[in-house]
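Engineer: Here is my input; please provide its structure:
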Amino acid sequence: MTPPEPAAILASTPDQARRREHHAAQERKGQVHWTDSLSWAGERARQILLLLVLAAVLVYALLKVTLVVIPVLLALILAAATTPLVRWLRHRGWRETPATTATFLALIAVFAGVVAGVVLTIRSEWSTLAERASRRFDELAAVLQDGPLPVDEASLENLGTAARDFATSSAAGGRATDSLFVATELLTGFILMAVVLFFLLKDGRRIWAFCLIPFRGRQRAKMRLAGMAGIDVLGGYVRGTAIVALVDAVLIGAALFVLQVPLAAPLAVVVFVGAFIPLIGATAAGVLAAIVALVANGPVVALVVAAVVVLVNQLEGNLLQPVVMGKTLSVHPLVILLALTAGTVLAGIIGAILSVPLAAVAWAIAKIWIGDRFGAHPAGAGG
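Structural biologist: Sure, this is the predicted structure:
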């Protein structure tokens, strides 16, 4: 028995066979001048550069319309997280419109209640915090003057006066909201997010079906499966993170209330929001709470708050995250860190909050689009 020729061996490899067929077709059209590996690498480099340019243009265009993009993304995340509630109400006998309306109004009521509570608390307790901060600075100045290092008394007085003026001024508590332009942008973004959220809850399936019209056959099936996986990952991530964040906010907020730290409710809200920023959000919120406790109540209370924050973070990392989240966010920490950095640079705090769930969704979609999961789930992708 004679061994097969090398050409036959190469021909038996599907990738090699497809590559030769592609080159043969291009040669027939007169489009190939070189058929070596260097020309193939150059062609791939050209394609990669073109994709990078298109991605850069897309990002630049999206950054120019952040007033539209960010509300739409927030609405999509909220819709993915609350869609199970709409389905549960419909299974209980509710019709589509009442179930959607009830879920939508519940979300708006919770959001409005939290915002109103935070604003009222800041207004009522800001003066107390400013008074305590001024007194604490005077104590610190006295310690520095009596310490071993020489400190200029005039410099301390000037610094203290500037700090007290800032703390007691109206600009310290509401500099951002005093701008009519910023307030108009926030209101416009909120209204847009609310409208998009309502229609996503009500007509999400029909909207996705409309987006799939340009696709046919296997591509359409893979798009349907990718959309289902993306919504599952996004919804699971938001619901799991919300549960963990709520536990963190309740425990740390209760400690702040017991220790009589000013602005306990707003700090609890900051802890809740910070939990949506992986790796650094919870730590940053805990540091902020400890700083407020240090300024308002002294070093002993600040140390107690810091200890509570450390204990809560340990509880979150060792118990809550593995149990609640499971494998929802199966992304390497390095990818999370890179996505977090990119999102923060591009869109600030909102970008930091949105970057990680969007990266998880993109990874879930990529695994379906280029992986073997599609072949293992033909039933779920059919259509």
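
Engineer: Pull up the per-residue confidence for Gln321.
Structural biologist: Looking at Gln321, its pLDDT stands at 70.

Engineer: For burial, what's the neighbour tally of it?
Structural biologist: Close neighbours of Gln321, defined as other C-beta atoms under 10 Å, add up to 17. Placement of C-beta: from N, CA and C, glycine included.

Engineer: Give me the secondary structure label for it.
Structural biologist: Secondary structure for Gln321, judged by DSSP: H, G, I helix; E, B strand; the rest coil, is helix.

Engineer: If you drop the residues flanking it in sequence, what lies closest to it?
Structural biologist: Leaving aside its sequence neighbours, Gln321 sits nearest to Val244 (C-beta to C-beta, 6 or more residues apart in numbering; 6.3 Å).

Engineer: Does the one you found touch Gly317 like I think?
Structural biologist: No. Shown here, Val244 and Gly317 do not form a contact pair, counting by C-beta atoms under 8 Å, at 9.7 Å.

Engineer: Which one of the two is surrounded by more residues?
Structural biologist: Between Val244 and Gly317, counting by other C-beta under 10 Å, Val244 is the more crowded of the two (23 against 12).

Engineer: Please enumerate the strands of the chain.
Structural biologist: Remark: strands of the chain are absent; assignment by DSSP state E.

Engineer: Number of residues surrounding Trp369?
Structural biologist: Counted with other C-beta under 10 Å, the neighbours of Trp369 add up to 15.

Engineer: Now do it against Leu225, distance only.
Structural biologist: From Trp369 across to Leu225, the span is 9 Å (C-beta to C-beta, to the nearest Å).

Engineer: what's the answer for Val118, then?
Structural biologist: Counting by C-beta to C-beta - Val118 and Leu225 are separated by 41 Å.

Engineer: Looking at those two, which one has more neighbours?
Structural biologist: Taking other C-beta under 10 Å, Val118 and Leu225 do not tie; Leu225 has more neighbours (21 against 17).

Engineer: Which pLDDT does the model give that one?
Structural biologist: Here, the pLDDT recorded for Leu225 equals 85.

Engineer: All further residue positions should be reported with the first residue as 21.
Structural biologist: Noted, 21 is the first residue going forward, which turns the last one into Leu245.

Engineer: mind listing what the closest residue to Leu109 other than its chain neighbours touches?
Structural biologist: Using C-beta to C-beta, 6+ apart and skipping the chain neighbours, the partner closest in space to Leu109 is Ala119 (3.8 Å). Ala119 is in contact with 106, 109-110, counting by C-beta atoms under 8 Å, 6 or more residues apart in numbering.

Engineer: For Ile227, see how far away the residue nearest to Gln341 is.
Structural biologist: Distance, Val264 to Ile227, using C-beta to C-beta: 30 Å.

Engineer: again with Gly337
Structural biologist: Separation of Gly337 from Ile227 (C-beta to C-beta): 37 Å.

Engineer: ok, and the most crowded of the contacts of Ala119?
Structural biologist: Val106 (21 neighbours).

Engineer: Fine by me, thanks again.
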